[in-house]
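>>> Take a look and give me a structure for this.
(chains A and B)
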Protein chains: 2
Amino acid sequence: MRVLGVDPGLTRCGIGVVEGVPGRPLRMAGVGVVRTSADAETAERLVVVERGIEEWLEEHRPDAVAVERVFSQHNVRTVMGTAQASAVAMLCAARRGLPVALHTPSEVKAAVTGSGRAGKEQVGAMVTRLLRLDAPPKPADAADALALAICHIWRAPAQHRLQQARLRARAAAPAVRTPRGTR
Amino acid sequence: MRVLGVDPGLTRCGIGVVEGVPGRPLRMAGVGVVRTSADAETAERLVVVERGIEEWLEEHRPDAVAVERVFSQHNVRTVMGTAQASAVAMLCAARRGLPVALHTPSEVKAAVTGSGRAGKEQVGAMVTRLLRLDAPPKPADAADALALAICHIWRAPAQHRLQQARLRARAAAPAVRTPRGTR
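Numbers count the residues shown, from 1 in each chain, chains lettered A, B, ... in the order given. Here you go, the predicted model:
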């Protein structure tokens, strides 16, 4: 299974590609960052992010894309750019028919370090060890993208089983629609 | 000048196309809503929004696209979907080389009603009058998209002069880069 992880951001969008299956050593297939200029208009920056992600998808042909789930509560100042860049990443993947998975930062930290509250350095160190690299990938956005991809490889089987169970439950339930808000 | 206004949203993305110049009667060229199902995955919904906006751009060939500026402070629950849909709208426009303008809700209200704190009904009533329609466009997202397009037609000349002044100031300033955060 080849997974492309995206740590979304307008200034630096981390990208990491990891191959492997749960329980076997993992292999890094690529790592990098898509950068856009803070002097450019937001719309132009989104076009640069799209072009960068498309190049990565084109070159690495992943089986799935894992994107960090953005919360509106945190980092009010930068959350809009993060949300916009993550939208572009999700769009690029879904347009190609690739499954898109979202993982929260604490899910990613817990998956690679064992603690949902691990620091940047701990995540970088574990990514380095798990992928048998010579040094932690820089910048941190690149290491985080690899951690996302690793997290997805390890969580995907459980997520898949959950999704199947939900679909079965929905199929078995009577067709009553309850009112729901905007999600 | 033909402007396509977008009131971004994942469940309902309002679209309105208005033709005109400041000081002359305006004409509505089209109005509608791109809808996506709340049952679908976010990534799939963004693909539907992209397809919808592309169809509108293809059919109406606007000179500019005006998108409502999203603030992270308001409506924490729905702000992520709004930010994601607005990213797709900006991306579609910029990819075609169209100028993208962002206007805040209060700029739009002030432009069409004279008050930045006008209610939905007041905005709908003024849009109806300004475009000489038989009834206010429904849903409110569609009326808001038309209001955005009207606001842009009226504000564009002033915005253009401001932008030119900023570019001249930047060209005249010494090439000293001050540290700046993520925008």
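>>> low-scoring stretches of chain A, by residue?
Filtered on pLDDT under 70, chain A yields the residue ranges A:72-77, A:174-183.
>>> element containing the most centrally placed residue in chain A, please.
Taking Cα atoms, centre = their mean, the centroid of chain A lies closest to A:V67, which sits 2.2 Å from it. Using DSSP states H and E, A:V67 maps to strand A:64-68.
>>> Which elements pack onto that strand?
strand A:2-7, helix A:79-95, strand A:100-103, helix A:140-172 (3 or more Cβ pairs under 8 Å, 6 or more residues apart in numbering or on different chains; DSSP states H and E). Glycine gets a C-beta too; all of them are placed from N, C-alpha and C.
>>> circling back to that earlier point, could you list everything the residue nearest to the centre of chain A pairs with in the sheet?
A:V6, A:L102 (DSSP bridges).
>>> among the helices and strands packed on strand A:64-68, which is nearest B:L162?
helix A:79-95 (21.9 Å; Cβ to Cβ).
>>> Is chain B within reach of the closest one?
Yes. Helix A:79-95 is in contact with chain B by Cβ under 8 Å from any Cβ of the partner chain, via A:79-81, A:83-88, A:90-91, A:93-95.
>>> Three-state assignment for the closest residue to A:G32 other than its chain neighbours, please.
In this structure, A:G32 finds its nearest non-sequential neighbour in A:I15, 5.3 Å apart by Cβ to Cβ, 6 or more residues apart in numbering or on different chains. Here A:I15 is strand, with the state taken from DSSP: H, G, I helix; E, B strand; the rest coil.
>>> Just give me the neighbour total for A:I15.
27 (other Cβ atoms under 10 Å in any protein chain shown).
>>> now do A:K138
Neighbour count of A:K138, defined by other Cβ under 10 Å: 11.
>>> Tell me how many other residues crowd A:R69.
18.
>>> ok, now how distant is it from A:R51?
Distance of A:R69 to A:R51, given as Cβ to Cβ, to the nearest Å: 24 Å.
>>> how about the nearest residue to A:C92, chain neighbours excluded?
A:I53 (4.7 Å).
>>> Now the helix or strand containing A:G30: buried residues?
Element membership of A:G30 [criterion: DSSP H and E] is strand A:27-35. Across strand A:27-35, burial judged by 16 or more other Cβ atoms under 10 Å in any protein chain shown covers A:M28, A:A29, A:G30, A:V31, A:G32, A:V33, A:V34, A:R35.
>>> Wait, A:A38 touches A:T11, no?
Yes. Using Cβ atoms under 8 Å, A:A38 makes contact with A:T11 at a distance of 6.0 Å.
>>> Looking only at neighbour counts, state which of those two leads.
Between A:A38 and A:T11, counting by other Cβ under 10 Å, A:T11 is the more crowded of the two (20 against 13).
>>> What residues does A:E107 make contact with?
A:G116, A:C151, A:R155 (Cβ atoms under 8 Å, 6 or more residues apart in numbering or on different chains).
>>> Just want the phi and psi numbers for A:G97.
phi 80, psi 10 (degrees, to the nearest 10).
>>> State the distance from it to B:A110.
From A:G97 to B:A110 the distance is 44 Å (Cβ to Cβ).
>>> Tell me the spacing between A:R117 and B:A156.
Distance from A:R117 to B:A156, by Cβ to Cβ: 49 Å.
>>> So which of those two has more stuff around it?
Between A:R117 and B:A156, counting by other Cβ under 10 Å, B:A156 is the more crowded of the two (19 against 10).
>>> Just list the residues touching the nearest residue to A:R27 once chain neighbours are set aside, thanks.
Among residues not flanking A:R27 along the chain, A:E19 sits closest, at 4.7 Å (Cβ to Cβ, 6+ apart). Listed by Cβ under 8 Å, 6+ apart, the contact partners of A:E19 are A:M1, A:R2, A:V3, A:L26, A:R27, A:A29.
>>> List the buried residues in stretch A:71-91.
A:72, A:78-91.
>>> burial measure for A:R161, as a count.
Look at A:R161: counted by other Cβ under 10 Å, it has 10 neighbours.
>>> circling back to that earlier point, TSV for the contacts of A:E107, including neighbour count and distance to A:P137?
Listed next are these as TSV, based on neighbours: other Cβ atoms under 10 Å in any protein chain shown; distance: Cβ to Cβ, whole Å:
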residue	neighbour count	distance to A:P137
A:G116	13	21
A:C151	24	15
A:R155	19	21
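>>> And those, which is closest to chain B?
Using Cβ to the nearest Cβ, A:R155 comes nearest to chain B of the contacts of A:E107, at 16.3 Å.
>>> Not including adjacent chain positions, what is the nearest residue to that closest one?
A:A111 (6.4 Å).
>>> ok, now how distant is that neighbour from chain B?
As judged by Cβ to the nearest Cβ, to the nearest Å, A:A111 and chain B stand 21 Å apart.
>>> name the element that residue belongs to?
helix A:105-113.
>>> check whether the helix or strand following that helix contacts chain B.
Using DSSP H and E, the helix or strand that follows helix A:105-113 towards the C-terminus is helix A:120-130. No. Taking Cβ under 8 Å from any Cβ as the criterion, helix A:120-130 and chain B are apart, separated by no less than 16.0 Å.
>>> List the buried residues in helix A:120-130.
A:V123, A:G124, A:A125, A:M126, A:V127, A:T128, A:L130.
>>> which one among those gets closest to B:D141?
A:V123 (40.6 Å).
>>> so that closest one touches A:L148, yeah?
No. With contact defined as Cβ under 8 Å, A:V123 does not count as touching A:L148 (10.2 Å).
>>> Overlap in contacts, those two.
Going by Cβ under 8 Å, 6+ apart, residues that sit against A:V123 and also against A:L148 are A:V108.
>>> That'll do, ta.
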